[in-house]
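Participant: Sequence plus predicted model, see below.
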Amino acid sequence: MDRLSNKTILVAGAGGIGSELVRRYAAEGANVVLGDANEKAAETALGGLEKGSGRVLVTRLDGSDGASIDKAVELACTEFGGLDGLHANFASFADGLLQVGVLDLPLDIYDEVMRVNARGFLLCTQAALPRILARGGGSIIYTSSGAAHAPSPVRAPYAMSKAAIHALMRVVATRHGPDNVRANVVAPGVILHQSLADATGEEFRQWALSRTPIKSRLGRPEDIAAMSALLMSDEGSYITGQVISVDGGSSMRP
Ligand SMILES: NC(=O)c1ccc[n+]([C@@H]2O[C@H](COP(=O)([O-])OP(=O)(O)OC[C@H]3O[C@@H](n4cnc5c(N)ncnc54)[C@H](O)[C@@H]3O)[C@@H](O)[C@H]2O)c1
């Protein structure tokens, strides 16, 4: 498939899911700039590229540093002539190990998670949108999480930051729909890539399966990339303003 040929996409955030996003976008013909705070992590994504793919450039992009995001956008425009798509994908999981409720929540952890996940996605939008508008429109995708709408006694910052992204998406989709800009959220369930598998065990896998109607397997980065490639492509041209769960049915919302 070459649904993305002639498109340039900025993927902000590598890692388990981001690396597969880049592989898929490039395999479908896009030129991609991949930015991550950990440039080395981003470079490992280059190893997964297929022959005949679009070009991929890697740069340092820190979601809490607007100047580094501006530079990544600039790189896409100077090297590839403009920008058609943004996929904001990075996340801070700074509250992950705490497992505390709101009463015990340290505010510096709250600030860090919101600064990277919510403010960072806003910064990416502010940097990329003018260039997407200059191309006559395009597609913006934000990676969220089922945590944004699931009941949970812990990790308020992560869930709050992801819910904030949904609101950001709606404003962008509403305000810039008339400019041919589409904005959507992809909300993954448990996506078992290598580093998550390494950090967890059988108990975690069984817990994840127990809350998912599809029992044959857990989610894979390819599942997120398949939905995202559709949303980036013209085949997704009538889809905007949506939170799309890719989670084997572990959440079901009207
Ligand atoms: N894997 C899952 O089960 C799952 C489930 C729900 C949602 N998600 C979401 O999917 C996205 C990707 O998650 P993943 O599982 O691939 O995680 P990951 O840890 O493999 O990748 C996250 C990447 O974000 C980068 N990053 C962290 N802080 C950054 C910053 N300030 N600026 C730029 N880059 C930064 C890290 O270096 C890392 O490469 C995240 O938004 C996450 O919330 C993942």
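Facilitator: Thanks, I have the structure now.
Participant: which stretches of the protein form strands?
Facilitator: When secondary structure is read from DSSP state E, the chain shows strands at 8-12, 31-36, 56-60, 85-88, 138-143, 181-188, 243-246.
Participant: what about the residue in the chain that the ligand sits nearest to, distance to Gly54?
Facilitator: In the chain, the residue that lies nearest the ligand is Gly15 (2.0 Å; Cβ to the nearest ligand atom). For the C-beta atoms, the positions are set from N, CA and C on the backbone; glycine is no exception. Look at Gly15 and Gly54: by Cβ to Cβ, to the nearest Å, they are 20 Å apart.
Participant: ok, now Val154?
Facilitator: In terms of Cβ to Cβ, Val154 sits 41 Å off from Gly54.
Participant: One more: Gly137?
Facilitator: Going from Gly137 to Gly54 by Cβ to Cβ gives 20 Å.
Participant: For the two, work out which one has more neighbours and name it.
Facilitator: Just comparing Gly137 and Gly54: by other Cβ atoms under 10 Å the higher neighbour count belongs to Gly54, 22 against 16.
Participant: Now do the contacts for the more buried one.
Facilitator: Shown in contact with Gly54 (Cβ atoms under 8 Å, 6 or more residues apart in numbering): Leu4, Ser5, Tyr25, Ala26, Glu28, Gly29, Ala30, Asn31, Val32.
Participant: quick one: pLDDT of the residue lying closest to Arg23 once chain neighbours are set aside?
Facilitator: Leaving out its chain neighbours, the residue that sits closest to Arg23 by Cβ to Cβ, 6 or more residues apart in numbering is Gly48, at 4.6 Å. As predicted, Gly48 sits at a pLDDT of 86.
Participant: and if you look at Ser19?
Facilitator: Looking at Ser19, its pLDDT is 97.
Participant: show me what contacts the nearest residue to it once chain neighbours are set aside?
Facilitator: Nearest non-adjacent residue to Ser19, counting by Cβ to Cβ, 6+ apart: Ala45, 3.8 Å away. Shown in contact with Ala45 (Cβ under 8 Å, 6+ apart): Ala14, Gly18, Ser19, Val22, Arg23, Leu34, Val56, Val58.
Participant: now Glu50
Facilitator: Contacts for Glu50 (Cβ under 8 Å, 6+ apart) come out as Arg23, Ala26, Ala27.
Participant: so the first one touches Ala225, yeah?
Facilitator: Yes - using Cβ atoms under 8 Å, Arg23 makes contact with Ala225 at a distance of 7.1 Å.
Participant: quick one on the thing from earlier: is it possible to get the contacts of Ala45 out as a markdown table so that each row also shows neighbour count?
Facilitator: As requested, the contacts of Ala45 are arranged in a markdown table below (neighbours: other Cβ atoms under 10 Å):
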| residue | neighbour count |
| --- | --- |
| Ala14 | 28 |
| Gly18 | 27 |
| Ser19 | 27 |
| Val22 | 29 |
| Arg23 | 22 |
| Leu34 | 30 |
| Val56 | 21 |
| Val58 | 22 |
